[in-house]
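# what's the 3D shape of this:
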Amino acid sequence: MLDVNNVTGCQNQALVLQPAWDYLHQNHHDLLRSPLFPVVLSVSTYFVLVGLYTVLDLLAPTWPCINRYRLHPDRPVTRPNIWMTFGVTIYNHVFYIFPSAVAQWMWRPPTPLPSQAPTLWSFFLGIVGCMVVFDFQYYLWHLLHHRIPWLYRTFHAVHHQYSQPFSLVTQYLSGWELFSVGFWTTIDPILLQCHCLTTWGFMVFNIYVSTEDHCGYNFPWALHNLVPLGLWGGAPKHDTHHQRPGTNFAPFFSHWDWLGGTNTVPAAVVKKKKKDNFL
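This is a model prediction of the structure:
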């Protein structure tokens with residue numbers, strides 16, 4: 001009886017994603033198999049998210065309902081800042097991402113598309129697994145690039161030109177840093193043998209989290225406000241990292257910073273507590 005229940009449960013989980021996978025498989029087979037598809041998916045996701053946050057940045061100074069959620073409401077994002085970071089983002093896409101995409105298109109074989117969709121459990125478990133692995137990789141990489149002066153000056157310092165990040169700072173990076181992040185995002189699902197649908201889900205979620213970390217907003221629906229016990233970093237902690245570069249290195253979770261002694265309370269929270277005490 002237990003075996004029958006387990007089989008039935010797995011079948012029900014598979015049925016959740018199977019209709020959508022069948023539709024994609026039948027109607028967009030050639031597009032999904034193309035080595036260019038993950039690049040197009042990642043780039044389009046990034047620019048949609050950054051575009052939305054940039055609109056908020058432009059409206060915030062005159063819209064109190066938006067500005068109230070900014071981590072630094074008294075310091076608006078200026079148009080020169082937007083154009084500067086946008087210019088570097090376009091440069092990185094033209095000279096790093098586009099050549100990498102062409103190389104994948106020429107040398108990488110088409111992606112095999114299995115007929116079966118992943119179960120709902122394996123889909124979410126695969127994304128969480130990739131997040132955990134990526135979080136550990138980036139924590140070490142990030143820590144080393146702050147601890148070793150040559151690495152910081154040569155590769156990572158450009159990202160810290162802004163002490164109060166906004167969404168376009170997400171990819172205000174050196175080519176080496178952009179390559180490193182892209183490499184782990186690509187290789188981790190392969191190491192964990194994820195279904196291609198899970199891989200694409202992880203890529204989209206990773207970009208969403210990276211953009212949210214740099215957005216400069218503390219919305220009630222942000223992940224750090226939804227995940228309990230302070231397990232998730234989020235925009236306030238990463239904003240603090242840009243002001244106190246020796247703290248809060250992990251991109252997703254908080255446990256490595258706790259264990260490594262690099263965790264600190266977000267600067268915006270400290271400021272709010274001081275203001276409340278003064279009042």
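# give me the pLDDT value at Val270.
With respect to pLDDT, Val270 has a value of 46.
# ditto for Leu15
76.
# please report how far it lies from Asp22.
Between Leu15 and Asp22 the computed distance is 11 Å (C-beta to C-beta, to the nearest Å). In short, each C-beta sits where N, CA and C put it, glycine included.
# Arg70 too?
44 Å.
# neighbour count winner among these two?
Arg70 (24 against 13; other C-beta atoms under 10 Å).
# does that one touch Ala235 like I think?
No - using C-beta atoms under 8 Å, Arg70 is not in contact with Ala235, being 9.9 Å away.
# overlap of the contact sets of the two?
Residues touching both Arg70 and Ala235 comprise 216-218, with contact defined as C-beta atoms under 8 Å, 6 or more residues apart in numbering.
# strands - which of those land there?
Using DSSP state E, no member of the shared contacts of Arg70 and Ala235 falls in strands.
# want to throw these into CSV with distance to Leu140 and pLDDT?
Below are these laid out as CSV (distance: C-beta to C-beta, whole Å; pLDDT from 0 to 100):
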residue, distance to Leu140, pLDDT
Gly216, 26, 96
Tyr217, 28, 97
Asn218, 28, 96
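# which non-adjacent residue is nearest the residue nearest in space to the middle of the chain?
Central residue of the chain (C-alpha atoms, centre = their mean): Ser210, 2.8 Å from the mean position. Spatial nearest neighbour of Ser210, excluding adjacent residues (C-beta to C-beta, 6 or more residues apart in numbering): Thr170 at 5.3 Å.
# what helix or strand is the residue nearest to the centre of the chain on?
helix 196-214 (DSSP states H and E).
# just checking, what packs against the helix or strand following that helix?
For helix 196-214, the following helix or strand on the C-terminal side (DSSP H and E) is helix 223-226. Under the contact definition 3 or more C-beta pairs under 8 Å, 6 or more residues apart in numbering; DSSP states H and E, helix 223-226 sits against helix 234-243.
# how about residues contacting the helix it packs on?
Contacts with helix 234-243, where a contact means C-beta under 8 Å, 6+ apart, come from 71-72, 160, 162-165, 212-218, 222-225, 247-249, 251, 254, 264-269.
# report the rounded mean pLDDT for that helix.
Average pLDDT, helix 234-243: 95.
# coming back round to it: for the residue nearest to the centre of the chain, give me its contacts.
170, 181, 251 are the contacts of Ser210 under C-beta under 8 Å, 6+ apart.
# recalculate using a threshold of 10 Å.
Residues in contact with Ser210 (C-beta atoms under 10 Å, 6 or more residues apart in numbering) are 46, 49, 138, 167, 170-171, 181, 185, 238, 251-252.
# among those residues, which are located in strands?
Counting by DSSP E, those contribute nothing to strands.
# out of those residues, which is most surrounded?
When neighbours are counted as other C-beta under 10 Å, the busiest of the contacts of Ser210 turns out to be Ser167, with 27 neighbours.
# in this structure it contacts Tyr217, no?
Yes - using C-beta atoms under 10 Å as the test, Ser167 is close enough to Tyr217 to be in contact (9.0 Å).
# what residues do these two have in common as contacts?
53, 56-57, 235.
# quick one, what contacts Ile97?
39, 42-43, 46, 89, 171, 175, 178-179, 182.
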